[in-house]
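Q: I would like to see how this sequence folds:
(2 chains)
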Number of protein chains: 2
Amino acid sequence: MPNVRLALAQTNPTVGDIAGNLATIWEVIVEATEKKAELLVFGEMAITGYPIEDLASRESFILEAQHGIKTLAEKLSNPQFVDLAVVIGHPALASAKERTGWAIAKNCATVIIGGKIVGTYSKHHLPNYSVFDEYRTFVPGDELLTFEHKNLRFSTIICEDIWQSGGPVAKLREAKTDVALILNGSPFEIDKDDRRLALVTELTEKYDCAAAYVNLVGGQDDLVFDGDSIIVDSHAKVIARLKQFKTDLVLIDIEAKDQLAVVGEHYLTKPNENWQTWNALVLGLKDYVQKNGFKSVVLGLSGGIDSAVCATIAADALGAINVFGVSMPSRYSSNHSKEDALDLATRGGINFQIQAIEDLVHPFESQLILEGLPAENLQARVRGIILMALSNKEGHLTLTTGNKSELAVGYSTIYGDTVGGYAPLKDVEKTLVWELARWRNAYAVSRGEIEPIPLNSIEKPPSAELKPDQVDQDSLPPYDVLDAILDAYINKRQSRAEIIASGFDETIVHKVLTLVDRAEWKRRQGAVGPKITGMAFGRDRRLPITNKYKG
Amino acid sequence: MPNVRLALAQTNPTVGDIAGNLATIWEVIVEATEKKAELLVFGEMAITGYPIEDLASRESFILEAQHGIKTLAEKLSNPQFVDLAVVIGHPALASAKERTGWAIAKNCATVIIGGKIVGTYSKHHLPNYSVFDEYRTFVPGDELLTFEHKNLRFSTIICEDIWQSGGPVAKLREAKTDVALILNGSPFEIDKDDRRLALVTELTEKYDCAAAYVNLVGGQDDLVFDGDSIIVDSHAKVIARLKQFKTDLVLIDIEAKDQLAVVGEHYLTKPNENWQTWNALVLGLKDYVQKNGFKSVVLGLSGGIDSAVCATIAADALGAINVFGVSMPSRYSSNHSKEDALDLATRGGINFQIQAIEDLVHPFESQLILEGLPAENLQARVRGIILMALSNKEGHLTLTTGNKSELAVGYSTIYGDTVGGYAPLKDVEKTLVWELARWRNAYAVSRGEIEPIPLNSIEKPPSAELKPDQVDQDSLPPYDVLDAILDAYINKRQSRAEIIASGFDETIVHKVLTLVDRAEWKRRQGAVGPKITGMAFGRDRRLPITNKYKG
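A: Sure, this is the predicted structure:
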């Protein structure tokens, strides 16, 4: 018989819904207890959801979360839980003396054994880069929490504590830790999974302990928590990884820090990168829609690749019956556009209607005497009105289908094709949109299903179709070149001189960088969408609008 | 003859325009030298503008700023400046060891005497609350910089260092400081001026030194730096305050820390609060327009108070000739609305045109079969298209005229009346809009000018006029009640229970708080506008969109 049966609980909390999250947590506790778990670990801020942003500065909110922990402990004082230890993440008020700036709370992990609160750990390293603002919202703690349970010693730490050096994590060995319990709210980024695994295995080797890394799962505004919790023994051997993009509960019998065994099914390898990216986009959309009380989405179907991919993501997330596509042809729309849009809807079983814009556009053109770019923008804005009218009338969330490359260079009409509450491709560059489309079709084939995305939408030259014979490449460099320059400028933060020196055409570099800088005001007014890279537009990249730097 | 002639230079830099800012700085150096200044102090980050946000993480940008300092020192090595000390704010790279997260730079003040760099101070207290993210962008310094010049001892500190306790500021006395030189980038907030003065006078008493507090001036996106630099002697006596909302250069002869005398004209008292608020709004708009390369603005004139105040602010900022008002009547527009809009334009000399929306709205209504709220939103969106079409066609910046109370409760049509690049009233609650309108009219009368705002626009009940006989109070509580509830919930962060306990009607409180929470997604897509309170929407208040907290 093992010393301890440990359970890792990967839950999907909703930010602010303390009662709802506690109800889910309780269901997991009951299930884990039935499966004879003796130690159950939840993710960072599992009670409140994460990140709570400036809710952290509302005293009433923090008090409600603390009350939730107290209530949980009371319920756990029932004799049936006498041998159960629960470790759970939540915020708690800092003392008046500790508070700085607007930060009044700590980011905590509390240990409850047999209904008694035996200790609370406060996160030491507060991330304040990328999408994180934890120096704004939290006060750091400085002490490791170690507790004994069933003849083994456990220490709790939280997320960023293992990404930085120093702090409580450095005391794991002197605390004679058998298993480090790491509570996380770590959002998905392409390739990030491997960095997490490396950090966890390094930690076990450095401090001679096993490590249980428990992550959240679910979409929260621009973030997608992918789960993928990990447990590793003290010899850096991976014992199990939990599901990605799904809630999960895995049990592990621990005899000693180097003797761990999974109970029941589990897996150690992960699906390929495109599968992961696709599922991040699907979960991000699904949770945004459902957690905000919507049931369905509406979007324009142009016959192009972006709207085709968005519609397919939405159908995967919500079911095709909840996706409403609208074809809005103009005098410039090619026949193949209209056909490709219908083909997409038919393949996917998506609701479809046609709203020609000619009779709506013409009165503006004649009353305001518009031609050229103002007339092009007009068409996009009339389409925006149609989508918002259908959203208002029928209760759908409007999706905006622009991709990251477009958003970068401002190749869009603000209040036109940018209208909508959620942007599924906000962090997906154009070349990746194509790659994902091909992958999704191949995935369908591999499962004996119909390919959801018309090949024509993938293969034809992209066009906004706002004037005769227009294609994107009239105004922009080829997308492979554009995406490479954008990667250098935005993701790698290279200077203009460095990008030119690396071999790109100077005129194109000047043009692209100027477009990126000038579009900042448009991006600020853009919809939220799921972050899948290390540098998403939005909270990841905070630049002034008024900015004359040309470097 | 005094020991030192000190000059305080209040400049208006543009973020990112290092060459342009240096050119202005040089003009000020020449002017100050002509006026026999021996020590010249500029504001925080005077070389780059402030705040630079994530430009701080671009190495090429920081290097360019450092190069600017070097160039400046070289120019100052000309013999004519041999006795001149210059203290100026700029960013500089931190060492590889000091860097944390994404922060690679320090927020510095460099002292140049006779062309030699004698030392650089790095800001110690990094604000990371309200609109500030300085833990994200900067690495803190920890040492006071004290230098001797013309038989007096000066120490440099930066902005937040005097708002917090501890750190280098605590060493002012042991460094035998005669005059503390405080470089600031401190944005305007109603009433904040008095807190600054209190801090500066307290500092002089605590550390027995005089203090020169130099602030920036100018608009930068959502911030307005108001200048109002201050110099106080070691007995806490205010020697001079510089102009508010204007660049300024004031010289002070310093014999000893308690013997200071202003050279030439100066003032010690400040205009009233409404004058300050109005001028903050005017400067914010003016600088946003001009620093972003626009010359003119377009806005809808409904005959209501918000558009009247916006148009008047714009005329004060840019001249009436650069303001383009558009009346966009519908079948629901009252005669007085149309008359009041024309009256406003006539009084102010603003460009005026009428674009009736009936022929543009009708085709949508019949094609999409719209009535009720979707039809109301449609009208607002058709008006948005008109304004954006005129902006595209004629190159104006579009102003969106919504006030803070509307923005709070989402009483607006997204992509309709919210369209625009700049929102002058974003942080002005409705009751203050009225107060400012009355103040502005009285100010005109006091100067023998025509009252710019029609009395009717001030006195009539506000209405969106999107359906027959509609007034705002059909959907909202009276604005004095609404604004009081919003103040409690948003500015004071009170809980629902606290607000109800303070005497407001429970049903109204629930309604208002629900509206505020639900409008978060709209606010995220809103235009930038000038912060004038301690809690502006935007960077001041960062809440999740997906958020079920009802507290």
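Q: anything in stretch A:58-72 near chain B?
A: Yes: contact of stretch A:58-72 with chain B (C-beta under 8 Å from any C-beta of the partner chain) involves A:58-61, A:64. Yep, even glycine has a C-beta here, placed from its N, CA and C like the rest.
Q: no no, stretch A:488-498
A: Yes: Stretch A:488-498 comes into contact with chain B (C-beta under 8 Å from any C-beta), by way of A:493, A:495-498.
Q: circling back to that earlier point, just the closest of the residues of stretch A:58-72 next to chain B to residue A:197, please.
A: residue A:61 (33.8 Å; C-beta to C-beta).
Q: give me phi/psi at the nearest residue to residue A:197 once chain neighbours are set aside?
A: Closest residue in space to residue A:197, ignoring its immediate chain neighbours: residue A:230 at 6.1 Å, by C-beta to C-beta, 6 or more residues apart in numbering or on different chains. Phi and psi for residue A:230, reported as degrees, to the nearest 10, are phi -140, psi 140.
Q: what about residue A:230, distance to residue A:237?
A: Applying C-beta to C-beta, to the nearest Å, the value for residue A:230 to residue A:237 is 11 Å.
Q: And for residue A:488?
A: 39 Å.
Q: Looking at the two now, which is surrounded by more residues?
A: Shown here are residue A:488 and residue A:237; by other C-beta atoms under 10 Å in any protein chain shown, residue A:488 has more neighbours (21 against 14).
Q: Correct me if wrong: that one contacts residue A:499.
A: Yes: Residue A:488 is within contact range of residue A:499, at 4.7 Å (criterion: C-beta atoms under 8 Å).
Q: Switch the residues of stretch A:488-498 next to chain B over to CSV; also include neighbour count, secondary structure and pLDDT.
A: Shown next, in CSV, are the residues of stretch A:488-498 next to chain B (neighbours: other C-beta atoms under 10 Å in any protein chain shown; DSSP: H, G, I helix; E, B strand; the rest coil; pLDDT from 0 to 100):
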residue, neighbour count, secondary structure, pLDDT
A:493, 18, coil, 93
A:495, 19, coil, 95
A:496, 19, helix, 96
A:497, 11, helix, 96
A:498, 16, helix, 96
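Q: Find the pair from those with maximum spatial separation.
A: Between all members of those, the farthest pair (by C-beta to C-beta) comes out as A:493 and A:497, at 12.9 Å.
Q: name the helices or strands packed onto the lowest-mean-pLDDT helix or strand in chain A?
A: Between all helices and strands in chain A, the lowest mean by mean pLDDT, DSSP states H and E belongs to helix A:192-207, at a mean of 91. The contact analysis (3 or more C-beta pairs under 8 Å, 6 or more residues apart in numbering or on different chains; DSSP states H and E) places helix A:192-207 against strand A:179-184, strand A:210-215, strand A:230-232.
Q: how far is it from where the chain is centred?
A: 22 Å (C-alpha atoms, centre = their mean, to the nearest Å).
Q: So what touches it?
A: Where contact means C-beta atoms under 8 Å, 6 or more residues apart in numbering or on different chains, the residues beyond helix A:192-207 that reach it are A:162-163, A:169, A:172-173, A:177, A:180, A:182, A:186, A:209-211, A:213, A:226, A:228, A:230, A:232-236, A:238, A:244, A:270, A:276, A:534.
Q: List the buried residues for the longest helix along chain A?
A: In chain A, taking DSSP state H as the definition, the longest helix is helix A:373-394. Neighbour counts over helix A:373-394 (16 or more other C-beta atoms under 10 Å in any protein chain shown) mark A:374-393 as buried.
Q: Contacting chain B as well, which ones from those?
A: Within those, those near chain B by C-beta under 8 Å from any C-beta are A:374, A:377-378, A:381-382, A:384-386, A:388-390, A:392-393.
Q: Could you tell me the end-to-end distance of stretch A:287-302?
A: 25 Å (C-alpha to C-alpha, to the nearest Å).
Q: Compute the mean per-residue pLDDT across stretch A:123-131, please.
A: In this model, stretch A:123-131 has a mean pLDDT of 97.
Q: Run through the residues of the stretch 351-500 of chain A sitting next to chain B.
A: A:355, A:359-360, A:363-364, A:367-368, A:370, A:373-374, A:377-378, A:381-382, A:384-386, A:388-390, A:392-393, A:414-415, A:419, A:421, A:493, A:495-498.
Q: need the strands for the stretch 301-450 of chain A, in chain order.
A: Remark: strands assigned in the stretch 301-450 of chain A by DSSP state E, counting those that start in this stretch are A:323-327, A:351-354, A:397-398.
Q: export those strands to TSV and tack on mean pLDDT?
A: Shown next, in TSV, are the strands of the stretch 301-450 of chain A (pLDDT from 0 to 100):
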stretch	mean pLDDT
strand A:323-327	98
strand A:351-354	98
strand A:397-398	98
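Q: will you turn those strands into TSV that also has mean neighbour count and distance to residue B:400?
A: Shown next, in TSV, are those (neighbours: other C-beta atoms under 10 Å in any protein chain shown; distance: least, C-beta to C-beta, whole Å):
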stretch	mean neighbour count	distance to residue B:400
strand A:323-327	25	27
strand A:351-354	15	31
strand A:397-398	24	20
